[in-house]
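Trainee: Just need the structure, nothing else, for what follows:
(one chain, ligands or ions: 1)
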Amino acid sequence: MVTLNCTSQKLKLSPTLAANEAVSRLREQGQTILHMGFGQAPFPVPVRLKEALIKHASNNKYLPSIGLSELCEAVLSYYSDIIDVDPSTHDVIIAPGSKLILYAAQLAVKGDLLMPVPSWVSYEPQAKMLGTEVIKVSTQLDDEGYHINAEALRNTIIRAREEGKNPTKIILNYPNNPTGLTISEPELAAIAQVCIDEDIFIISDEIYGLVSYDGIYRSISKYAPDHTIVSTGLSKHMALGGWRVGLAIIPKSIEGLKDLMVCIASETWSCVPSPVQYAVLEAYKGHEDIENYVSDCCAIYDFVNTYIAKGLRDIGLTCSLPQGAFYLYPDFKDFRDVLLRKGVRTSEELEKYLLETHGLVTLNGTGFGEEPETLTLRLSGCDYDGDEVLNAYQNGEPLNADFIARHAPNINLSLEAFAACVDRQSANDDEAVVEEPASQLA
Ligand SMILES: Cc1ncc(COP(=O)(O)O)c(C=O)c1O
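Mentor: Numbers count the residues shown, from 1 in each chain. I've put the predicted structure just below:
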(Lines give C-alpha, C1' and ligand atoms only; values in the text may rest on other atoms or scores of the structure.)
Protein backbone atom coordinates (compact mmCIF):
# COMPACT_ATOMS: atom_id res chain seq x y z
CA MET A 1 0.00 0.00 0.00
CA VAL A 2 1.21 3.50 -0.79
CA THR A 3 1.34 5.79 2.24
CA LEU A 4 0.87 9.42 1.33
CA ASN A 5 2.86 12.16 2.98
CA CYS A 6 0.74 13.24 5.94
CA THR A 7 1.67 16.92 5.58
CA SER A 8 0.52 16.96 1.97
CA GLN A 9 -2.66 14.99 2.73
CA LYS A 10 -3.99 18.01 4.63
CA LEU A 11 -3.87 20.07 1.45
CA LYS A 12 -6.85 20.91 -0.74
CA LEU A 13 -6.82 22.28 -4.27
CA SER A 14 -6.13 26.02 -3.99
CA PRO A 15 -9.62 27.59 -3.56
CA THR A 16 -9.07 30.19 -6.29
CA LEU A 17 -8.06 27.61 -8.90
CA ALA A 18 -10.80 25.24 -7.71
CA ALA A 19 -13.41 28.00 -8.18
CA ASN A 20 -12.14 28.76 -11.66
CA GLU A 21 -12.21 25.13 -12.73
CA ALA A 22 -15.74 24.71 -11.34
CA VAL A 23 -16.92 27.80 -13.21
CA SER A 24 -15.52 26.50 -16.50
CA ARG A 25 -17.30 23.17 -15.90
CA LEU A 26 -20.63 24.83 -15.09
CA ARG A 27 -20.39 27.22 -18.04
CA GLU A 28 -19.60 24.30 -20.38
CA GLN A 29 -22.78 22.67 -19.07
CA GLY A 30 -24.64 25.79 -20.27
CA GLN A 31 -25.28 27.33 -16.83
CA THR A 32 -25.20 31.11 -16.45
CA ILE A 33 -22.57 31.89 -13.87
CA LEU A 34 -21.52 35.22 -12.40
CA HIS A 35 -17.83 34.86 -11.67
CA MET A 36 -16.33 36.84 -8.82
CA GLY A 37 -14.24 33.89 -7.67
CA PHE A 38 -10.94 34.03 -9.50
CA GLY A 39 -8.29 36.75 -9.60
CA GLN A 40 -7.51 36.48 -13.25
CA ALA A 41 -6.45 39.66 -15.04
CA PRO A 42 -8.97 39.78 -17.91
CA PHE A 43 -7.02 41.86 -20.42
CA PRO A 44 -5.35 40.62 -23.65
CA VAL A 45 -1.62 39.99 -24.02
CA PRO A 46 0.08 43.26 -25.06
CA VAL A 47 0.76 43.05 -28.83
CA ARG A 48 4.49 43.73 -28.46
CA LEU A 49 4.88 40.76 -26.11
CA LYS A 50 2.83 38.46 -28.34
CA GLU A 51 5.05 39.33 -31.30
CA ALA A 52 8.21 38.82 -29.24
CA LEU A 53 7.03 35.38 -28.11
CA ILE A 54 6.39 34.31 -31.70
CA LYS A 55 9.81 35.61 -32.70
CA HIS A 56 11.53 33.51 -30.03
CA ALA A 57 9.42 30.35 -30.39
CA SER A 58 12.28 28.34 -31.88
CA ASN A 59 14.50 28.99 -28.87
CA ASN A 60 14.60 25.54 -27.30
CA LYS A 61 17.71 25.68 -25.11
CA TYR A 62 17.71 25.52 -21.33
CA LEU A 63 18.57 28.83 -19.73
CA PRO A 64 20.48 29.34 -16.47
CA SER A 65 18.36 28.52 -13.40
CA ILE A 66 18.71 32.08 -12.12
CA GLY A 67 17.17 33.33 -15.37
CA LEU A 68 18.25 34.85 -18.68
CA SER A 69 21.00 37.30 -17.74
CA GLU A 70 19.65 40.15 -19.94
CA LEU A 71 16.25 39.69 -18.30
CA CYS A 72 17.68 39.71 -14.75
CA GLU A 73 19.58 42.91 -15.57
CA ALA A 74 16.54 44.58 -17.16
CA VAL A 75 14.35 43.65 -14.20
CA LEU A 76 16.89 44.95 -11.70
CA SER A 77 17.26 48.23 -13.50
CA TYR A 78 13.45 48.64 -13.88
CA TYR A 79 12.68 47.90 -10.23
CA SER A 80 15.63 49.67 -8.69
CA ASP A 81 14.24 52.84 -10.26
CA ILE A 82 10.70 52.45 -8.98
CA ILE A 83 11.49 50.80 -5.63
CA ASP A 84 14.48 52.97 -4.91
CA VAL A 85 16.96 50.20 -4.03
CA ASP A 86 20.59 50.13 -5.03
CA PRO A 87 20.95 47.65 -7.95
CA SER A 88 24.55 46.86 -7.02
CA THR A 89 23.34 45.41 -3.70
CA HIS A 90 20.67 43.11 -5.12
CA ASP A 91 20.25 40.08 -7.41
CA VAL A 92 17.27 38.91 -9.45
CA ILE A 93 16.00 35.39 -10.00
CA ILE A 94 13.28 34.41 -12.48
CA ALA A 95 10.77 31.64 -11.67
CA PRO A 96 7.68 30.09 -13.27
CA GLY A 97 5.27 32.37 -11.39
CA SER A 98 5.72 34.27 -8.16
CA LYS A 99 3.89 31.47 -6.30
CA LEU A 100 7.11 29.45 -6.58
CA ILE A 101 9.22 32.42 -5.52
CA LEU A 102 7.09 32.67 -2.39
CA TYR A 103 7.42 28.95 -1.76
CA ALA A 104 11.18 28.96 -2.34
CA ALA A 105 11.58 31.99 -0.05
CA GLN A 106 9.63 30.26 2.71
CA LEU A 107 11.71 27.12 2.17
CA ALA A 108 14.96 29.08 2.26
CA VAL A 109 14.45 30.67 5.67
CA LYS A 110 14.07 28.51 8.78
CA GLY A 111 11.52 29.25 11.48
CA ASP A 112 7.85 30.11 11.89
CA LEU A 113 5.86 32.38 9.60
CA LEU A 114 4.10 35.55 10.71
CA MET A 115 1.01 35.86 8.53
CA PRO A 116 -1.38 38.82 8.60
CA VAL A 117 -5.08 37.92 8.47
CA PRO A 118 -6.65 38.19 5.97
CA SER A 119 -3.93 37.03 3.59
CA TRP A 120 -3.79 35.38 0.19
CA VAL A 121 -4.89 31.74 0.14
CA SER A 122 -1.56 30.05 -0.63
CA TYR A 123 0.78 31.36 2.07
CA GLU A 124 -0.58 29.09 4.79
CA PRO A 125 -0.77 25.87 2.68
CA GLN A 126 2.79 26.52 1.50
CA ALA A 127 3.88 26.88 5.12
CA LYS A 128 2.09 23.62 5.95
CA MET A 129 3.85 21.83 3.09
CA LEU A 130 7.11 22.91 4.68
CA GLY A 131 6.02 21.89 8.17
CA THR A 132 6.21 25.53 9.27
CA GLU A 133 4.03 26.92 12.04
CA VAL A 134 1.90 29.95 11.15
CA ILE A 135 1.51 32.79 13.66
CA LYS A 136 -1.42 35.03 12.76
CA VAL A 137 -1.04 38.81 12.86
CA SER A 138 -4.16 40.94 13.17
CA THR A 139 -5.00 43.74 10.73
CA GLN A 140 -7.55 46.55 10.52
CA LEU A 141 -9.25 47.42 7.24
CA ASP A 142 -10.75 50.77 6.30
CA ASP A 143 -10.83 53.32 3.49
CA GLU A 144 -7.31 54.43 4.51
CA GLY A 145 -5.86 50.98 3.90
CA TYR A 146 -4.73 47.64 5.23
CA HIS A 147 -3.28 48.36 8.65
CA ILE A 148 -0.79 46.30 10.60
CA ASN A 149 -0.04 48.09 13.83
CA ALA A 150 3.73 47.97 14.29
CA GLU A 151 3.68 47.76 18.09
CA ALA A 152 1.00 45.05 17.99
CA LEU A 153 3.24 43.17 15.56
CA ARG A 154 6.16 43.51 17.95
CA ASN A 155 3.99 42.18 20.79
CA THR A 156 2.87 39.23 18.65
CA ILE A 157 6.53 38.38 18.00
CA ILE A 158 7.49 38.70 21.67
CA ARG A 159 4.48 36.64 22.83
CA ALA A 160 5.20 33.93 20.24
CA ARG A 161 8.78 33.68 21.48
CA GLU A 162 7.57 33.44 25.08
CA GLU A 163 5.36 30.54 23.97
CA GLY A 164 8.40 28.76 22.55
CA LYS A 165 7.71 29.55 18.91
CA ASN A 166 10.34 30.84 16.54
CA PRO A 167 8.98 33.67 14.38
CA THR A 168 11.64 34.51 11.79
CA LYS A 169 9.76 35.66 8.68
CA ILE A 170 6.66 37.62 7.66
CA ILE A 171 4.79 37.80 4.34
CA LEU A 172 3.30 41.17 3.46
CA ASN A 173 1.16 41.85 0.39
CA TYR A 174 0.11 45.32 -0.78
CA PRO A 175 -1.93 46.18 -2.78
CA ASN A 176 -3.54 43.25 -1.16
CA ASN A 177 -5.42 40.15 -2.12
CA PRO A 178 -8.12 39.69 -0.70
CA THR A 179 -8.89 43.27 0.40
CA GLY A 180 -7.89 45.54 -2.51
CA LEU A 181 -6.23 47.76 0.12
CA THR A 182 -2.63 48.83 0.51
CA ILE A 183 -0.24 49.70 3.34
CA SER A 184 0.74 53.37 3.64
CA GLU A 185 4.38 54.52 3.50
CA PRO A 186 4.55 55.52 7.21
CA GLU A 187 3.09 52.16 8.22
CA LEU A 188 5.55 50.29 5.98
CA ALA A 189 8.38 52.25 7.60
CA ALA A 190 7.13 51.38 11.10
CA ILE A 191 6.71 47.66 10.25
CA ALA A 192 10.18 47.66 8.69
CA GLN A 193 11.67 49.05 11.90
CA VAL A 194 10.06 46.29 13.98
CA CYS A 195 11.38 43.66 11.54
CA ILE A 196 14.88 45.16 11.74
CA ASP A 197 14.75 45.32 15.57
CA GLU A 198 13.42 41.78 15.92
CA ASP A 199 15.48 40.35 13.04
CA ILE A 200 12.49 39.22 11.00
CA PHE A 201 12.97 38.38 7.31
CA ILE A 202 10.38 40.12 5.12
CA ILE A 203 8.86 38.40 2.10
CA SER A 204 7.26 41.35 0.33
CA ASP A 205 4.65 40.09 -2.14
CA GLU A 206 4.39 43.01 -4.56
CA ILE A 207 2.59 41.15 -7.35
CA TYR A 208 0.00 44.00 -7.50
CA GLY A 209 2.59 46.76 -7.05
CA LEU A 210 1.89 48.18 -10.51
CA VAL A 211 -1.88 47.99 -10.02
CA SER A 212 -1.92 50.80 -7.49
CA TYR A 213 -4.79 53.21 -8.13
CA ASP A 214 -2.89 56.31 -7.02
CA GLY A 215 0.01 55.36 -9.31
CA ILE A 216 2.47 55.13 -6.40
CA TYR A 217 4.63 52.01 -6.18
CA ARG A 218 5.20 51.12 -2.53
CA SER A 219 7.86 48.73 -1.28
CA ILE A 220 9.00 47.99 2.24
CA SER A 221 12.44 47.16 0.82
CA LYS A 222 13.09 50.90 0.78
CA TYR A 223 12.93 50.87 4.60
CA ALA A 224 14.51 47.48 5.28
CA PRO A 225 16.66 46.70 2.21
CA ASP A 226 18.79 44.13 4.02
CA HIS A 227 15.83 42.23 5.43
CA THR A 228 13.52 42.10 2.41
CA ILE A 229 13.08 39.84 -0.57
CA VAL A 230 10.66 41.35 -3.10
CA SER A 231 8.44 38.89 -4.94
CA THR A 232 6.59 39.99 -8.05
CA GLY A 233 5.93 39.00 -11.65
CA LEU A 234 3.87 39.64 -14.74
CA SER A 235 0.62 37.82 -13.94
CA LYS A 236 -1.35 40.84 -12.82
CA HIS A 237 -0.34 44.20 -14.34
CA MET A 238 0.63 42.52 -17.63
CA ALA A 239 -2.21 39.95 -17.56
CA LEU A 240 0.26 37.10 -18.16
CA GLY A 241 -0.76 34.60 -15.46
CA GLY A 242 -0.63 31.69 -17.91
CA TRP A 243 2.86 32.60 -19.13
CA ARG A 244 4.15 31.86 -15.64
CA VAL A 245 6.76 34.53 -14.99
CA GLY A 246 7.64 35.47 -11.44
CA LEU A 247 10.73 37.12 -10.07
CA ALA A 248 12.48 37.94 -6.86
CA ILE A 249 14.75 40.84 -5.96
CA ILE A 250 17.17 39.48 -3.38
CA PRO A 251 19.51 41.48 -1.14
CA LYS A 252 23.14 40.36 -1.41
CA SER A 253 23.49 41.19 2.28
CA ILE A 254 21.62 38.02 3.29
CA GLU A 255 24.53 35.71 2.78
CA GLY A 256 23.75 32.57 0.82
CA LEU A 257 20.11 33.45 0.11
CA LYS A 258 20.49 33.97 -3.63
CA ASP A 259 22.59 30.81 -4.00
CA LEU A 260 20.04 28.79 -2.06
CA MET A 261 17.16 30.14 -4.19
CA VAL A 262 19.10 29.26 -7.34
CA CYS A 263 19.76 25.74 -5.98
CA ILE A 264 16.04 25.31 -5.27
CA ALA A 265 15.35 26.48 -8.85
CA SER A 266 17.90 24.10 -10.32
CA GLU A 267 16.49 21.11 -8.44
CA THR A 268 12.85 21.88 -9.20
CA TRP A 269 11.83 24.06 -12.17
CA SER A 270 15.30 24.19 -13.85
CA CYS A 271 14.41 27.36 -15.75
CA VAL A 272 11.45 29.33 -17.02
CA PRO A 273 10.71 28.49 -20.71
CA SER A 274 13.27 30.26 -22.90
CA PRO A 275 10.87 31.83 -25.45
CA VAL A 276 8.90 33.36 -22.59
CA GLN A 277 12.00 34.86 -20.96
CA TYR A 278 13.15 36.42 -24.22
CA ALA A 279 9.65 37.73 -24.91
CA VAL A 280 9.09 39.36 -21.52
CA LEU A 281 12.35 41.28 -21.79
CA GLU A 282 10.22 43.74 -23.77
CA ALA A 283 8.13 44.41 -20.66
CA TYR A 284 11.10 46.02 -18.91
CA LYS A 285 12.38 48.39 -21.58
CA GLY A 286 10.04 51.27 -20.82
CA HIS A 287 8.18 51.08 -24.18
CA GLU A 288 5.42 53.69 -24.25
CA ASP A 289 2.79 51.23 -25.51
CA ILE A 290 3.54 48.86 -22.60
CA GLU A 291 3.47 51.64 -19.99
CA ASN A 292 0.17 52.92 -21.46
CA TYR A 293 -1.28 49.41 -21.40
CA VAL A 294 -0.46 49.10 -17.68
CA SER A 295 -1.94 52.48 -16.79
CA ASP A 296 -5.08 51.92 -18.92
CA CYS A 297 -5.73 48.55 -17.27
CA CYS A 298 -5.15 50.13 -13.87
CA ALA A 299 -7.66 52.92 -14.59
CA ILE A 300 -10.26 50.30 -15.53
CA TYR A 301 -9.58 48.19 -12.40
CA ASP A 302 -9.90 51.34 -10.30
CA PHE A 303 -13.20 52.36 -11.86
CA VAL A 304 -14.85 48.91 -11.89
CA ASN A 305 -13.80 47.90 -8.39
CA THR A 306 -14.70 51.26 -6.87
CA TYR A 307 -18.08 51.00 -8.65
CA ILE A 308 -18.65 47.56 -7.08
CA ALA A 309 -17.55 48.75 -3.61
CA LYS A 310 -19.95 51.69 -3.77
CA GLY A 311 -22.73 49.38 -4.98
CA LEU A 312 -22.09 47.06 -2.03
CA ARG A 313 -22.10 50.01 0.39
CA ASP A 314 -25.41 51.21 -1.07
CA ILE A 315 -26.86 47.81 -0.23
CA GLY A 316 -25.63 48.28 3.36
CA LEU A 317 -22.62 45.94 3.34
CA THR A 318 -19.37 46.94 5.01
CA CYS A 319 -16.76 47.32 2.28
CA SER A 320 -13.68 49.54 2.10
CA LEU A 321 -13.03 51.50 -1.07
CA PRO A 322 -10.24 49.67 -2.93
CA GLN A 323 -6.79 51.20 -3.50
CA GLY A 324 -5.31 48.64 -5.88
CA ALA A 325 -5.41 45.11 -7.34
CA PHE A 326 -8.87 43.88 -8.37
CA TYR A 327 -10.47 42.62 -5.20
CA LEU A 328 -13.06 43.56 -2.63
CA TYR A 329 -13.64 42.07 0.76
CA PRO A 330 -17.16 42.89 1.95
CA ASP A 331 -18.30 41.94 5.43
CA PHE A 332 -21.91 40.78 5.84
CA LYS A 333 -21.82 41.16 9.66
CA ASP A 334 -24.75 43.62 9.72
CA PHE A 335 -26.93 41.04 7.98
CA ARG A 336 -26.21 38.08 10.23
CA ASP A 337 -29.88 37.90 11.28
CA VAL A 338 -31.13 37.97 7.67
CA LEU A 339 -28.65 35.31 6.63
CA LEU A 340 -29.46 33.11 9.64
CA ARG A 341 -33.05 33.00 8.44
CA LYS A 342 -31.72 31.62 5.17
CA GLY A 343 -29.75 28.97 7.01
CA VAL A 344 -26.43 30.80 6.52
CA ARG A 345 -24.15 30.93 9.57
CA THR A 346 -20.65 30.85 8.12
CA SER A 347 -18.85 32.44 5.20
CA GLU A 348 -18.60 29.01 3.58
CA GLU A 349 -22.38 28.66 3.74
CA LEU A 350 -22.74 32.18 2.37
CA GLU A 351 -20.53 31.30 -0.60
CA LYS A 352 -22.61 28.17 -1.26
CA TYR A 353 -25.90 30.05 -0.88
CA LEU A 354 -24.85 32.66 -3.46
CA LEU A 355 -23.81 29.97 -5.91
CA GLU A 356 -26.94 27.88 -5.49
CA THR A 357 -29.44 30.68 -5.40
CA HIS A 358 -27.91 33.24 -7.74
CA GLY A 359 -25.25 31.37 -9.74
CA LEU A 360 -22.72 33.82 -8.24
CA VAL A 361 -19.23 32.51 -7.48
CA THR A 362 -17.29 34.14 -4.62
CA LEU A 363 -14.64 32.90 -2.20
CA ASN A 364 -15.33 32.65 1.51
CA GLY A 365 -13.07 34.29 4.07
CA THR A 366 -11.81 31.09 5.72
CA GLY A 367 -9.36 30.46 2.88
CA PHE A 368 -7.86 33.85 3.75
CA GLY A 369 -7.34 32.89 7.39
CA GLU A 370 -10.65 34.05 8.92
CA GLU A 371 -12.74 32.22 11.50
CA PRO A 372 -15.72 30.37 9.91
CA GLU A 373 -18.34 32.71 11.44
CA THR A 374 -16.68 35.87 10.15
CA LEU A 375 -19.01 36.67 7.26
CA THR A 376 -16.49 37.96 4.73
CA LEU A 377 -16.21 37.09 1.06
CA ARG A 378 -13.40 37.79 -1.37
CA LEU A 379 -14.75 39.21 -4.61
CA SER A 380 -12.77 39.57 -7.77
CA GLY A 381 -14.08 42.38 -9.97
CA CYS A 382 -12.98 41.00 -13.35
CA ASP A 383 -16.11 39.37 -14.75
CA TYR A 384 -16.09 41.08 -18.14
CA ASP A 385 -14.53 40.64 -21.56
CA GLY A 386 -11.15 42.35 -21.15
CA ASP A 387 -10.57 42.79 -24.90
CA GLU A 388 -13.91 44.58 -25.32
CA VAL A 389 -13.49 46.72 -22.21
CA LEU A 390 -9.92 47.80 -22.98
CA ASN A 391 -10.86 48.56 -26.57
CA ALA A 392 -13.83 50.69 -25.51
CA TYR A 393 -11.72 52.60 -22.99
CA GLN A 394 -8.88 53.18 -25.47
CA ASN A 395 -11.46 54.41 -28.00
CA GLY A 396 -12.40 57.15 -25.57
CA GLU A 397 -15.59 55.84 -24.00
CA PRO A 398 -15.89 57.46 -20.56
CA LEU A 399 -15.82 55.23 -17.49
CA ASN A 400 -19.27 55.63 -15.99
CA ALA A 401 -22.39 53.63 -15.14
CA ASP A 402 -23.32 53.38 -18.84
CA PHE A 403 -19.92 51.87 -19.54
CA ILE A 404 -20.61 49.13 -16.97
CA ALA A 405 -24.10 48.52 -18.35
CA ARG A 406 -22.75 48.23 -21.91
CA HIS A 407 -19.51 46.35 -21.39
CA ALA A 408 -19.64 44.68 -17.96
CA PRO A 409 -23.28 43.72 -17.37
CA ASN A 410 -22.39 40.82 -15.05
CA ILE A 411 -21.13 43.39 -12.53
CA ASN A 412 -24.64 44.83 -12.17
CA LEU A 413 -26.18 41.36 -12.08
CA SER A 414 -23.79 40.42 -9.26
CA LEU A 415 -24.75 43.55 -7.30
CA GLU A 416 -28.43 42.64 -7.76
CA ALA A 417 -27.66 39.16 -6.43
CA PHE A 418 -25.99 40.59 -3.31
CA ALA A 419 -28.96 42.93 -2.78
CA ALA A 420 -31.37 40.00 -3.02
CA CYS A 421 -29.20 37.93 -0.67
CA VAL A 422 -29.43 40.47 2.17
CA ASP A 423 -32.98 41.64 1.46
CA ARG A 424 -34.90 41.55 4.75
CA GLN A 425 -38.31 41.11 3.20
CA SER A 426 -37.39 38.09 1.10
CA ALA A 427 -35.59 36.60 4.10
CA ASN A 428 -38.94 36.50 5.91
CA ASP A 429 -40.53 34.76 2.90
CA ASP A 430 -37.62 32.30 2.58
CA GLU A 431 -37.43 31.51 6.26
CA ALA A 432 -38.66 27.96 6.08
CA VAL A 433 -36.77 27.14 2.88
CA VAL A 434 -33.29 26.12 4.01
CA GLU A 435 -31.62 24.25 1.21
CA GLU A 436 -28.84 21.67 1.35
CA PRO A 437 -25.49 23.33 0.60
CA ALA A 438 -24.24 22.84 -2.96
CA SER A 439 -21.24 20.56 -3.43
CA GLN A 440 -20.08 21.89 -6.79
CA LEU A 441 -17.29 24.00 -5.33
CA ALA A 442 -16.27 21.75 -2.46
C1 LIG B 1 -1.27 37.93 -3.52
C2 LIG B 1 -0.80 37.03 -4.60
N3 LIG B 1 0.47 36.62 -4.58
C4 LIG B 1 0.96 35.80 -5.51
C5 LIG B 1 0.16 35.33 -6.53
C6 LIG B 1 0.76 34.36 -7.51
O7 LIG B 1 0.78 34.81 -8.80
P8 LIG B 1 1.70 34.13 -9.91
O9 LIG B 1 2.18 32.81 -9.39
O10 LIG B 1 0.83 34.00 -11.09
O11 LIG B 1 2.86 35.07 -10.11
C12 LIG B 1 -1.19 35.71 -6.60
C13 LIG B 1 -2.08 35.19 -7.65
O14 LIG B 1 -3.28 35.22 -7.58
C15 LIG B 1 -1.67 36.60 -5.61
O16 LIG B 1 -2.93 37.05 -5.63
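
Trainee: which of the residues in the helix ranked longest in the chain are buried?
Mentor: When the chain is parsed with DSSP state H, its longest helix is helix 288-315. For helix 288-315, the neighbour count (16 or more other Cβ atoms under 10 Å) marks 290, 293-294, 297-298, 300-309, 311-312, 315 as buried. From N, CA and C alone the C-beta is placed, and that goes for glycine too.

Trainee: Same check on stretch 356-367?
Mentor: Using 16+ other Cβ under 10 Å as the test for burial, stretch 356-367 gives 357, 358, 359, 360, 361, 362, 363, 364, 365, 366, 367.

Trainee: Mind picking the two most distant members of those residues?
Mentor: Spatial extent of these (Cβ to Cβ) is set by the pair 359 and 366 at 21.7 Å.

Trainee: you'd agree residue 125 is in a helix?
Mentor: Yes. Under DSSP: H, G, I helix; E, B strand; the rest coil, residue 125 sits within a helix.

Trainee: does the ligand sit close to the longest helix of the chain?
Mentor: No. Applying Cβ under 6 Å from any ligand atom, one finds helix 288-315 separated from the ligand by no less than 13.4 Å.

Trainee: quick one: the residue of the stretch 201-350 of the chain found nearest the ligand from residue 40, how far?
Mentor: Nearest to the ligand, among the residues of the stretch 201-350 of the chain, is residue 235, at 3.3 Å (Cβ to the nearest ligand atom). Residue 235 is 9 Å from residue 40, where distance means Cβ to Cβ, to the nearest Å.

Trainee: Common neighbours of the two, please.
Mentor: Overlap of the contact sets of residue 235 and residue 40 (by Cβ atoms under 8 Å, 6 or more residues apart in numbering) consists of residue 241.

Trainee: Among these two, which residue is more densely surrounded?
Mentor: Neighbours were counted for residue 235 and for residue 40 using other Cβ atoms under 10 Å; residue 235 has more, 22 against 19.

Trainee: Surely residue 40 touches residue 383?
Mentor: No. At 9.8 Å, residue 40 and residue 383 do not qualify as touching, with contact defined as Cβ atoms under 8 Å.

Trainee: Spatially, what comes nearest to the residue nearest the centre of the chain if we skip its sequence neighbours?
Mentor: Centroid-nearest residue in the chain: residue 177, 3.8 Å away (criterion: Cα atoms, centre = their mean). Nearest non-adjacent residue to residue 177, counting by Cβ to Cβ, 6 or more residues apart in numbering: residue 120, 4.8 Å away.

Trainee: One more: residue 289?
Mentor: In space, residue 289 is closest to residue 48, 6.0 Å off (Cβ to Cβ, 6+ apart).

Trainee: cool, residue 276 as well?
Mentor: Per Cβ to Cβ, 6+ apart, closest to residue 276 is residue 243, 5.3 Å.

Trainee: Phi and psi next, for that neighbour.
Mentor: phi -80, psi -20 (degrees, to the nearest 10).

Trainee: Return the per-residue confidence for it.
Mentor: As predicted, residue 243 sits at a pLDDT of 98.

Trainee: could the buried residues of stretch 356-367 go into a markdown table alongside pLDDT and distance to the ligand?
Mentor: Formatted as a markdown table, the buried residues of stretch 356-367 follow (pLDDT from 0 to 100; distance: Cβ to the nearest ligand atom, whole Å):
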| residue | pLDDT | distance to the ligand |
| --- | --- | --- |
| 357 | 93 | 27 |
| 358 | 93 | 24 |
| 359 | 93 | 23 |
| 360 | 95 | 20 |
| 361 | 95 | 15 |
| 362 | 96 | 15 |
| 363 | 96 | 11 |
| 364 | 96 | 16 |
| 365 | 96 | 15 |
| 366 | 95 | 17 |
| 367 | 91 | 12 |
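
Trainee: Reformat these as JSON lines; add distance to residue 60 and secondary structure.
Mentor: Output for the buried residues of stretch 356-367, formatted as JSON lines (distance: Cβ to Cβ, whole Å; DSSP: H, G, I helix; E, B strand; the rest coil):
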{"residue": "357", "distance to residue 60": "51", "secondary structure": "helix"}
{"residue": "358", "distance to residue 60": "48", "secondary structure": "helix"}
{"residue": "359", "distance to residue 60": "44", "secondary structure": "coil"}
{"residue": "360", "distance to residue 60": "44", "secondary structure": "strand"}
{"residue": "361", "distance to residue 60": "39", "secondary structure": "strand"}
{"residue": "362", "distance to residue 60": "42", "secondary structure": "coil"}
{"residue": "363", "distance to residue 60": "39", "secondary structure": "strand"}
{"residue": "364", "distance to residue 60": "44", "secondary structure": "strand"}
{"residue": "365", "distance to residue 60": "45", "secondary structure": "helix"}
{"residue": "366", "distance to residue 60": "44", "secondary structure": "helix"}
{"residue": "367", "distance to residue 60": "39", "secondary structure": "helix"}
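
Trainee: Report the mean confidence score over the strand or helix carrying residue 404.
Mentor: For residue 404, the element it lies in under DSSP states H and E is helix 401-407. For helix 401-407, the mean per-residue pLDDT is 98.

Trainee: Buried residues in that helix, which are they?
Mentor: Applying 16+ other Cβ under 10 Å to helix 401-407 flags 403, 404, 407 as buried.

Trainee: As JSON lines, these with distance to the ligand would be great.
Mentor: As requested, the buried residues of helix 401-407 are exported to JSON lines (distance: Cβ to the nearest ligand atom, whole Å):
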{"residue": "403", "distance to the ligand": "26"}
{"residue": "404", "distance to the ligand": "24"}
{"residue": "407", "distance to the ligand": "24"}
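
Trainee: The stretch 301-442 of the chain: helices as residue ranges?
Mentor: With DSSP state H, counting those that start in this stretch applied, the stretch 301-442 of the chain shows helices at 336-341, 347-358, 386-394, 401-407, 409-421, 424-430, listed in chain order.

Trainee: nearest to residue 251, of the ones you listed?
Mentor: Between residue 251 and the helices of the stretch 301-442 of the chain, the shortest gap by Cβ to Cβ is with helix 386-394, which sits at 35.8 Å.

Trainee: who touches that closest one?
Mentor: Identification of contacts with helix 386-394 by Cβ under 8 Å, 6+ apart yields 41-44, 239, 296-297, 299-300, 399, 403, 406-408.

Trainee: If you count contacts, what does the helix or strand where residue 128 lies end up packed against?
Mentor: Residue 128 belongs to helix 123-129 when assigned by DSSP H and E. Using 3 or more Cβ pairs under 8 Å, 6 or more residues apart in numbering; DSSP states H and E as the contact test, the elements touching helix 123-129 are helix 6-9, helix 98-108, strand 112-117, strand 134-138.
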